[in-house]
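Colleague: Can you look at this prediction? I've put the sequence above it.
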Amino acid sequence: MTQPATARRLKFEIFRFNPEDENSEPHIDSFEIDETPFMSLYIALNRIREVHDPGLQFDFACRSAICGSCGMMVNGRPALACRTLTSDLPEDIQLYPLPAFKLIGDLSVDTGTWFRGMAERTEAWIHERQPFDPEAEEERMSDDIAAAIYEGDRCIECGCCVASCGVANLDPEFLAGAGLNRVARFMMDPRDQRSDAEWFEVVAGDEGVFGCVGMMACADVCPKELPLLEVYAYLRRKTLGARFMARNTKKKSA
Ligand code: SF4
Ligand code: SF4
Ligand code: FES
């Protein structure tokens, strides 16, 4: 948050490419602007668009780390542009779109398709097995469980963890930090009555928690600082427990 005593001249190198335009070739454009106090990358990019190139594409909505739409590679690291201050960066700033997602143009990517696919593969909704009873009393939930579920729901689907993940970049089906966090959120919800065997299908295997190599780049870049290490430990414990129980049951019945 420190601000320089004298204004700097910031030099941006920005990836440009419009996949919809057959004449467009991927290349880098350079722009220079004067830094202003408490300038975020959101402000800097708007300044570049105002004074240099109105065609520059990038995404923003909330400008306050809530909507998750402004993720991009900032000097080689996924980050939210709206919460990144230029004063925390050197004068030379390189901006690229997040990898692992379909490019829309320049710095704009389609995270929605990835997140929708992940939600469909994991069936990220409450699986209630009881028939609906309009007379039934409201189910109670402990404060601890409610807090744990709320913690998982803080994910803003920015895609930074996915972009940082080597496995997700190689395998588009890999659930990555956001997907594994989503599974854990429903797994710990007592209203979701999926069986251990059903959860095993969702989260075990190479596309799930056992495909994760555990170097935790995802946790390093998560702007909401979600406790992803704890999430993976929880999923491994639950999944191995389910497998152990299934084996024991088989042995006993043999
Ligand atoms: S710890 Fe797992 S999910 Fe996170 S970046 Fe590494 S491989 Fe991806
Ligand atoms: S887990 Fe963190 S980095 Fe990943 S999508 Fe959610 S908020 Fe973004
Ligand atoms: S603009 Fe919404 S998170 Fe950055």
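Modeller: That came through, no problem. Residues are numbered from 1 along each chain as shown. Ligands and ions are numbered 1, 2, ... in the order given.
Colleague: rest of the way, CA atoms for contacts and neighbours
Modeller: OK.
Colleague: List the residues that contact the closest residue to N18 other than its chain neighbours.
Modeller: Distances taken as C-alpha to C-alpha, 6 or more residues apart in numbering put G105 closest to N18, at 4.6 Å, once the chain neighbours are dropped. Counting by C-alpha atoms under 8 Å, 6 or more residues apart in numbering, G105 makes contact with R16, F17, N18, P19, Q57, F58.
Colleague: Read off the pLDDT value for the residue sitting nearest the centre point of the chain.
Modeller: Geometric centre of the chain, nearest residue: G159, 3.0 Å, by C-alpha atoms, centre = their mean. G159 carries a pLDDT value of 98.
Colleague: Could you pull up phi and psi at it?
Modeller: The phi/psi pair for G159 (degrees, to the nearest 10) reads phi 90, psi 0.
Colleague: which residues touch it?
Modeller: Here G159 is in contact with G68, G71, L98, T111, A178 (C-alpha under 8 Å, 6+ apart).
Colleague: which secondary structure element contains whatever residue of the stretch 101-250 of the chain ends up closest to ligand 3?
Modeller: With C-alpha to the nearest ligand atom, the shortest gap between the stretch 101-250 of the chain and ligand 3 falls at C158, namely 7.1 Å. Per DSSP states H and E, C158 falls between elements, in no helix or strand.
Colleague: that older thread, who's the residue nearest to N18 bridged to?
Modeller: With DSSP bridges as the criterion, G105 is bridged to S108.
Colleague: if we can go back for a sec, derive a PyMOL selection command for the buried subset of the contacts of G105.
Modeller: Buried residues within the contacts of G105, by 16 or more other C-alpha atoms under 10 Å, are selected in PyMOL with:
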select buried, resi 16+17+18+57+58
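Colleague: Just name the closest of the contacts of G105 to ligand 3, please.
Modeller: For the contacts of G105, the nearest to ligand 3 is F58 (10.0 Å; C-alpha to the nearest ligand atom).
Colleague: Look at the closest one and report its pLDDT.
Modeller: 98.
Colleague: Going forward, count from 53.
Modeller: Let's use 53 as the start, then, which means that last one is F110.
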